[in-house]
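*Asks:* Have a look at this prediction, sequence included:
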Amino acid sequence: MSRYTTETPTRRSKEQVPLLDLITSIPGLLKRLLTAELDGLKGKASHIGKNAGIGAGLVVVALMFLFFALGTLVAVGILALALVMPAWLAALIVFVVFLLIAGVLVLIALRFFRKISEGPSPSDEFQKDIRAVKGVGEYDRH
């Protein structure tokens, strides 16, 4: 009969618990730790997802109202120009201004799209790394 028969391993002090009991309790402790951590992560992800979803929905609604507000502002601009010229001419001028703005934005966007192909390709860098591993080609020898 062992000297620990009257006490359960969970009630013993750390000095009294045999090493084998401590080692055998590790998987259970790790399982509980991982379960608790995963539950915490699930709760945090749920909290973040809920708040991000509500926030994104409100931003979409706000952008929709902004879209219609800009349309109203354009109408105000056309009506203001219509005070000094015919309404059709005022609308045509606003239309041409919008076309010019769109054209300039497209030209700027094209410059950025052209820059995409200028950067190094990941496959080129990979090939360079392979040549370095083989000891062929240029590479840093530090």
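*Replies:* Cool, the structure landed.
*Asks:* so what's the residue nearest to Ala90 when sequence neighbours are not counted up against?
*Replies:* Spatially, and ignoring its direct neighbours in sequence, Ala90 is nearest to Leu81 (3.4 Å; C-beta to C-beta, 6 or more residues apart in numbering). C-beta coordinates here come from the backbone N, C-alpha and C atoms, glycine included. Contact analysis of Leu81 by C-beta atoms under 8 Å, 6 or more residues apart in numbering lists Leu89, Ala90, Ile93, Val94.
*Asks:* In helices only, show me the residues you listed.
*Replies:* Counted as lying in helices by DSSP state H, out of the contacts of Leu81, are Leu89, Ala90, Ile93, Val94.
*Asks:* Now do the helix or strand of the chain with the lowest mean pLDDT: distance to the chain's middle.
*Replies:* When the helices and strands of the chain are scored by mean pLDDT, DSSP states H and E, helix 122-134 comes last with a mean of 75. Counting by C-alpha atoms, centre = their mean, to the nearest Å, helix 122-134 is centred 29 Å from the centre of its parent chain.
*Asks:* Stretch 38-57 now?
*Replies:* Distance, stretch centre to chain centre, for stretch 38-57: 14 Å (C-alpha atoms, centre = their mean).
*Asks:* Check stretch 106-117 too.
*Replies:* Worked out by C-alpha atoms, centre = their mean, stretch 106-117 lies 24 Å from the chain centre.
*Asks:* Now do it, average pLDDT.
*Replies:* In this model, stretch 106-117 has an average pLDDT of 92.
*Asks:* Send over that stretch as PDB, restricted to the C-alpha atoms.
*Replies:* Presented in PDB, the C-alpha positions along stretch 106-117 are these (Å, rounded to 0.1, in the frame of the first residue of the first chain):
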ATOM      1  CA  VAL A 106      -8.200  56.800 -65.500                       C
ATOM      2  CA  LEU A 107      -4.800  58.100 -66.700                       C
ATOM      3  CA  ILE A 108      -3.500  58.200 -63.100                       C
ATOM      4  CA  ALA A 109      -4.800  54.700 -62.500                       C
ATOM      5  CA  LEU A 110      -3.100  53.400 -65.700                       C
ATOM      6  CA  ARG A 111       0.200  54.800 -64.400                       C
ATOM      7  CA  PHE A 112      -0.200  52.700 -61.200                       C
ATOM      8  CA  PHE A 113      -1.200  49.600 -63.200                       C
ATOM      9  CA  ARG A 114       2.000  49.900 -65.300                       C
ATOM     10  CA  LYS A 115       4.000  49.900 -62.100                       C
ATOM     11  CA  ILE A 116       2.700  46.500 -61.300                       C
ATOM     12  CA  SER A 117       4.900  44.700 -63.800                       C
END
